[in-house]
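Novice: Predicted structure and sequence below. I'll ask about it afterward.
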Amino acid sequence: MTVRVGVIGAGMIGQDHIRRLTEVVTGAAVTAVTDIDAARAAEVAARVGAAALPTGADLIASPDVDAVLVTSWGPTHAEHVLNAIAAGKPVFCEKPLATTAEDCLRVVDAERAHGRRLVQVGFMRGFDPGYRQMKEVIAAGAIGTPLIVHCAHRNPTVPESYTSVMAAQDTAVHEIDVLRWLLDDEIVTAQVITPRATGKRFAHLKDPQLMYFETASGVRIGLEVFVNCQYGYDIQCETVGEEGLVRLPDPAAVGVRSAGRHGTAVLQDWKGRFADAFDTEFREWINAVAAGAEPTGPSAWDGYAATVITDAAVRSLETDGQVVTVDMKPRPAFYGGTA
Ligand SMILES: NC(=O)C1=CN([C@@H]2O[C@H](COP(=O)(O)OP(=O)(O)OC[C@H]3O[C@@H](n4cnc5c(N)ncnc54)[C@H](O)[C@@H]3O)[C@@H](O)[C@H]2O)C=CC1
Ligand SMILES: O=C1[C@@H](O)[C@H](O)[C@@H](O)[C@H](O)[C@H]1O
């Protein structure tokens, strides 16, 4: 069976995922595209022989769409996801699931009322081979009980429109999601401290930021977010346990020896760093949809959890580094919890 996907939002990542669905993943076709920029929708749709439809609601209702991909701007996600659930169609929503905890809970409630999982949120780190190997090592007990995680998330630069709260909402949110999954533990407090700001970028921006999280079992996580580090896109993660440690590998790269030096190139963006993860994420999502199975990737609950944890980090940033307790509802049994 070919899964016919409709795409809402034909911008940067929407176009990349359309390429992925049409050129990389087997068993999928993009049959409809919509964008509030109608000319862009028409151009992108024509490239893959899809229909350009006027609105997200039209696309979700289309009989030629089996599953929906939401890659529009964050504040619009919840509406499209709720419409897809109402239509009973599987929906892959790029992060964030919604920009407020209330909207995330509306999605969670709608999905629970539907009775089976339809939603997958586009946190892709858990599909990266390095993180998957780390999880296997931790789950096998090879480093003993995890105690501390050291992480860094560095981007070479960001545009002027990037604001200080986006360090949590847009950037650290990936670590927040992947560490909950990696440790199989919940984050219960957040603290954000700002060292001297880099002079290499815009004066309005608090960059870098040091974020500290504590999990329910007492693991302490330290995360440096530095989005104007200049030198490259660099993701580091090391988990220290009672009997050893496990470290995320850097991407494979040739070593060059020349002019008395030895080095490897550093990647420059997330697209290259997580290309394999995105491919696997979509391969597994399409396989699940084709089989009529529930998605296996991050759930609507994970989307809610990420939003409330980033809310706590933002509150800490705005209160000069106070330790903020995460205000999370008990996890329902529907999502593997006890409530
Ligand atoms: N998983 C990841 O690592 C990444 C995820 N993202 C997420 O993907 C989403 C899109 O990001 P970009 O592609 O960078 O943005 P973008 O601005 O390049 O593209 C968004 C597109 O959505 C369209 N749009 C906005 N509202 C719409 C609506 N209601 N209906 C139809 N079209 C609408 C815009 O006209 C634009 O063409 C964001 O939520 C972002 O956080 C972005 C980059 C990386
Ligand atoms: O999602 C992403 C961006 O939106 C964000 O701005 C970057 O910092 C992340 O590395 C990237 O994965």
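Specialist: Cool, the structure landed. Numbering: from 1, shown residues only. Ligands and ions are numbered 1, 2, ... in the order given.

Novice: Spatially nearest residue to Asp250 (excluding sequence neighbours)?
Specialist: Nearest non-adjacent residue to Asp250, counting by CB to CB, 6 or more residues apart in numbering: Thr264, 7.7 Å away. For every residue, glycine as well, the C-beta is placed using N, CA and C.

Novice: mind listing what the one you found touches?
Specialist: Thr264 sits next to Asp250, Ala253, Val254, Gly255, Val256 when contact means CB atoms under 8 Å, 6 or more residues apart in numbering.

Novice: if we go to 7 Å?
Specialist: Contacts for Thr264 (CB atoms under 7 Å, 6 or more residues apart in numbering) come out as Ala253, Val254, Gly255.

Novice: Let me see the contact set for the last one.
Specialist: Contact criterion CB under 7 Å, 6+ apart gives His262, Thr264 as the residues in contact with Gly255.

Novice: Distance check, it against Ala265.
Specialist: Here the criterion is CB to CB, to the nearest Å. By it, Gly255 lies 10 Å from Ala265.

Novice: Neighbours of the residue of the stretch 101-250 of the chain found nearest ligand 2, how many?
Specialist: Nearest residue of the stretch 101-250 of the chain to ligand 2, counting by CB to the nearest ligand atom: Thr171, 3.6 Å away. Neighbour count of Thr171, defined by other CB atoms under 10 Å: 24.

Novice: Over to Gly49?
Specialist: Neighbour count for Gly49, taken as other CB under 10 Å: 10.

Novice: Where does it fall, secondary structure wise?
Specialist: Using DSSP states H and E, Gly49 sits in no helix or strand.

Novice: same question, His80
Specialist: Going by DSSP H and E, His80 is part of helix 77-86.

Novice: Name the residues of that helix that are buried.
Specialist: Buried residues in helix 77-86, defined by neighbour count with 16 or more other CB atoms under 10 Å: His77, Ala78, Glu79, His80, Val81, Leu82, Asn83, Ala84, Ile85.

Novice: Among those residues, find me the one that's closest to ligand 2.
Specialist: Checking the buried residues of helix 77-86 against ligand 2 with CB to the nearest ligand atom, the nearest one is His77 at 13.5 Å.

Novice: The closest one contacts Leu69, doesn't it?
Specialist: No: using CB atoms under 7 Å, His77 is not in contact with Leu69, being 11.3 Å away.

Novice: Give the burial count for the residue in the chain that ligand 1 sits nearest to, as a bare number.
Specialist: As assessed by CB to the nearest ligand atom, ligand 1 sits closest to Gly11 within the chain, at 1.7 Å. Neighbours of Gly11 under the rule other CB under 10 Å: 14.

Novice: Ala253 reaches Val266, doesn't it?
Specialist: No: judged on CB under 7 Å, Ala253 makes no contact with Val266 at a distance of 8.3 Å.

Novice: More neighbours: which of these two?
Specialist: Legend: neighbour count by other CB under 10 Å for Ala253 and Val266, higher for Val266 (16 against 11).

Novice: If I look at the more buried one, what pLDDT would I see?
Specialist: Listed pLDDT for Val266 reads 95.

Novice: where does it fall, helix, sheet strand or coil?
Specialist: Three-state call for Val266 (DSSP: H, G, I helix; E, B strand; the rest coil): coil.

Novice: Please apply the same query to Gly321.
Specialist: With three-state DSSP as the basis, Gly321 sits in coil.

Novice: In terms of helices and strands, where is the closest residue to Gly336 other than its chain neighbours?
Specialist: Once flanking residues are discounted, Gly336 sits nearest to Trp301: 8.0 Å by CB to CB, 6+ apart. Following DSSP H and E, one finds Trp301 within helix 300-318.
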